[in-house]
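Visitor: need a 3D model of the following:
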Amino acid sequence: MSKKTLAIFTRYPEKGKTKTRLIPAVGASKATQIQKLMTENILKIVEKLEEEITIKIYYTGGNQTLMEQWLGKQWQFIPQQGKDLGEKMFSAIESSFKTTKMPVVVIGIDCQSLTIDILKQAFLALNNHDLVLGKAEDGGYYLIGLKTPQKGIFNNIKWGTNAVYKQTISIGEKHNLSVFNLPILADIDRPEDLVNLPQNIKNLLTI
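Guide: Below you'll find the model as predicted:
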């Protein structure tokens with residue numbers, strides 16, 4: 001029996017290439033370590049859903065071997081495909097849907113206050129909504145879920161700006177998609193966001 005899919009977007013933690021907006025505040029080594037721990041924290045949350053959903057990790061940087069050495073061989077690793085974030089997310093949703101004909105939820109690793117209950121709420125909402133969004137405090141979103149692939153939702157979005165959520169909602173309305181909104185949570189992208197880090201990562205910054 002086919003299951004719904006959770007696609008997690010992350011990057012292999014390579015010094016100087018990850019969490020670059022944090023580097024001026026904490027340095028390249030700690031920025032890399034922050035991204036590494038943030039990914040591991042998210043996986044500890046989502047692994048509780050493994051029996052109910054299919055979990056796929058979409059990565060950039062590194063390769064299959066490096067990802068397995070870092071996170072273990074129990075996960076399904078898939079290279080991200082596409083020119084921008086929108087294309088990459090749509091590719092992940094479309095490929096999963098082709099196989100399962102079931103809804104897909106996409107998350108990154110920047111929202112460290114994400115909980116198992118919010119994830120369950122997202123999947124439940126897709127039973128009777130076309131689009132599920134978790135708005136981030138910075139105007140983006142930390143989660144997007146679609147009942148069926150909707151390429152238009154990812155077109156002409158100004159990625160990395162505070163307009164992402166607003167633009168996505170506007171496109172959803174134009175396509176007459178029913179929308180379910182999750183609680184607003186904080187992402188960790190910039191130095192001012194470091195206050196939102198969980199304790200296990202804050203400890204790293206004091207070393």
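Visitor: in this structure, where is pLDDT below threshold?
Guide: Low-confidence segments of the chain (pLDDT under 70): 1, 207.
Visitor: one more pass at 80, please.
Guide: Low-confidence segments of the chain (pLDDT under 80): 1, 204-207.
Visitor: where along it do the strands fall?
Guide: Assignment of strands within the chain using DSSP state E yields the ranges 5-11, 54-60, 76-79, 104-107, 131-136, 141-146, 179-185.
Visitor: between the ones you listed, which gets nearest to residue 163?
Guide: Smallest distance to residue 163 across the strands of the chain (CB to CB): 11.3 Å, for strand 141-146. Placement of C-beta: from N, CA and C, glycine included.
Visitor: got the angle for that closest one vs strand 179-185?
Guide: Interaxial angle of strand 141-146 relative to strand 179-185 (axes from the mean of the first three to the mean of the last three CA atoms, to 10 degrees): 160 degrees.
Visitor: buried stuff in the biggest helix by length in the chain?
Guide: Selection of the longest helix in the chain by residue count, based on DSSP state H, yields helix 28-46. The neighbour-count check on helix 28-46 (16 or more other CB atoms under 10 Å) flags 28, 30-43, 46 as buried.
Visitor: elements contacting it?
Guide: For helix 28-46, the contact count by 3 or more CB pairs under 8 Å, 6 or more residues apart in numbering; DSSP states H and E identifies strand 5-11, helix 64-71, helix 116-125, helix 199-205 as packing neighbours.
Visitor: give me whichever of these is most buried.
Guide: Stretch with highest mean neighbour count among these: strand 5-11 (a mean of 23; mean count of other CB atoms under 10 Å).
Visitor: name every strand pairing with it and say which way it goes.
Guide: Here strand 5-11 is paired, per DSSP bridges, with strand 54-60 (parallel), strand 104-107 (parallel).
Visitor: ok so, going back, for the longest helix of the chain, C-alpha coordinates in PDB please.
Guide: This file holds the C-alpha atoms of helix 28-46, laid out as PDB (Å, rounded to 0.1, in the frame of the first residue of the first chain):
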ATOM      1  CA  ALA A  28      32.700  29.100   8.600                       C
ATOM      2  CA  SER A  29      33.400  26.100  10.900                       C
ATOM      3  CA  LYS A  30      30.600  26.800  13.300                       C
ATOM      4  CA  ALA A  31      28.200  27.700  10.500                       C
ATOM      5  CA  THR A  32      28.900  24.200   9.000                       C
ATOM      6  CA  GLN A  33      28.400  22.500  12.400                       C
ATOM      7  CA  ILE A  34      25.100  24.400  13.000                       C
ATOM      8  CA  GLN A  35      23.800  23.100   9.600                       C
ATOM      9  CA  LYS A  36      24.900  19.600  10.400                       C
ATOM     10  CA  LEU A  37      23.300  19.500  13.800                       C
ATOM     11  CA  MET A  38      20.100  21.200  12.500                       C
ATOM     12  CA  THR A  39      19.700  18.400   9.900                       C
ATOM     13  CA  GLU A  40      20.300  15.700  12.600                       C
ATOM     14  CA  ASN A  41      17.800  17.300  14.900                       C
ATOM     15  CA  ILE A  42      15.100  17.300  12.200                       C
ATOM     16  CA  LEU A  43      15.800  13.600  11.400                       C
ATOM     17  CA  LYS A  44      15.300  12.700  15.100                       C
ATOM     18  CA  ILE A  45      11.900  14.300  14.900                       C
ATOM     19  CA  VAL A  46      10.800  12.800  11.600                       C
END
